[in-house]
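> Quick one, fold the following:
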Amino acid sequence: MFNQMHKIEKIAYPFIALYVLFGAIVALISPETFTKVLAREDGIYEWLTVLALSMSFVMCVHRVVVLRKDKNAAFIGVWCFLAVVCFFGAGEEISWGQRIFNVESSEWFKQNNAQSETNLHNLVVEGKKVNKIIFSLVLGIALITYLFAFTALYRRSEKFKQFCDYMGVPIAHWHQVLAWVTVAIIVEGVIKHVSRSSELFESAVAFVFFINIYVPFNKKLFEVK
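As a prediction, this is how the structure comes out:
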């Protein structure tokens, strides 16, 4: 299987595996070091997440530009949506540069944001964090549906395959699904009790997501004619 992978995957998978295992080991041996050094605000994991999402954003925009004349509006619309999601995710991760440029939050964000920052994922609505409701629950359900249902149905149903190809939906390889699951098992199953372990999960799956949309199972669909 490894020999059949794209060269990007051959580089990315070992990198992801090493730094997830390194992070997990540090978290188990020294939780304080993990939380206050590796997973802290503006730490290495947060910036790796931003890097991966930025790479995905650039790639999505590139596909929109080079394929806009050859594909239908729905196809281009899906990739515009993915570009917006990646841009939004990267911006939210660093609170839209607030800490970098030392910009003070407005009074509304100070009162309604769990970290008093200018971002949406840390908003608190009626005592509940938006992050847990939307970015964890809803996004989690959407990812599980995409990774397992879409991946299986695309290979079994010709009508579903035609629909996905028309819409420009990138379908995952099974080894990409395995990468998602492996990261989730290690982070959510082994070190979930460690504070800010989600930062490691987010950074790792952000790179898996990039691989997923860069070299999907239906990659020929995105080649320039």
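
> Every contact and neighbour count from this point should use C-alpha atoms.
Will do.

> Output stretch 210-224 in CSV with nothing but the alpha carbons.
C-alpha atoms of stretch 210-224 as CSV (Å, rounded to 0.1, in the frame of the first residue of the first chain):
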residue,chain,number,x,y,z
PHE,A,210,-4.9,18.4,3.4
ILE,A,211,-3.8,15.0,2.1
ASN,A,212,-7.4,13.9,1.8
ILE,A,213,-8.3,16.8,-0.6
TYR,A,214,-5.0,17.0,-2.3
VAL,A,215,-4.8,13.4,-3.4
PRO,A,216,-8.3,12.0,-3.1
PHE,A,217,-9.5,8.6,-4.4
ASN,A,218,-11.1,10.3,-7.4
LYS,A,219,-8.1,12.6,-8.0
LYS,A,220,-8.4,12.2,-11.8
LEU,A,221,-11.5,14.3,-11.5
PHE,A,222,-9.4,17.3,-10.5
GLU,A,223,-6.8,17.1,-13.2
VAL,A,224,-6.6,19.9,-15.7
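
> Can you point out the buried residues in that stretch?
Within stretch 210-224, the residues scored as buried using 16 or more other Cα atoms under 10 Å are 210-218, 222.

> May I see the residues you listed arranged in a markdown table, with secondary structure as well?
Shown next, in a markdown table, are the buried residues of stretch 210-224 (DSSP: H, G, I helix; E, B strand; the rest coil):
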| residue | secondary structure |
| --- | --- |
| F210 | helix |
| I211 | helix |
| N212 | helix |
| I213 | helix |
| Y214 | helix |
| V215 | coil |
| P216 | coil |
| F217 | coil |
| N218 | coil |
| F222 | helix |
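
> Nearest to I8 among those?
I211 (7.6 Å; Cα to Cα).

> so who does the closest one touch?
I211 is in contact with 8-9, 12, 176, counting by Cα atoms under 8 Å, 6 or more residues apart in numbering.

> any idea which residue sits dead centre in this structure?
Residue closest to the average C-alpha location in the chain (Cα atoms, centre = their mean): A206, at 3.3 Å.

> Any idea which helix or strand in the protein has the lowest mean pLDDT?
Among the helices and strands of the chain, helix 130 carries the lowest confidence by mean pLDDT, DSSP states H and E, at a mean of 66.
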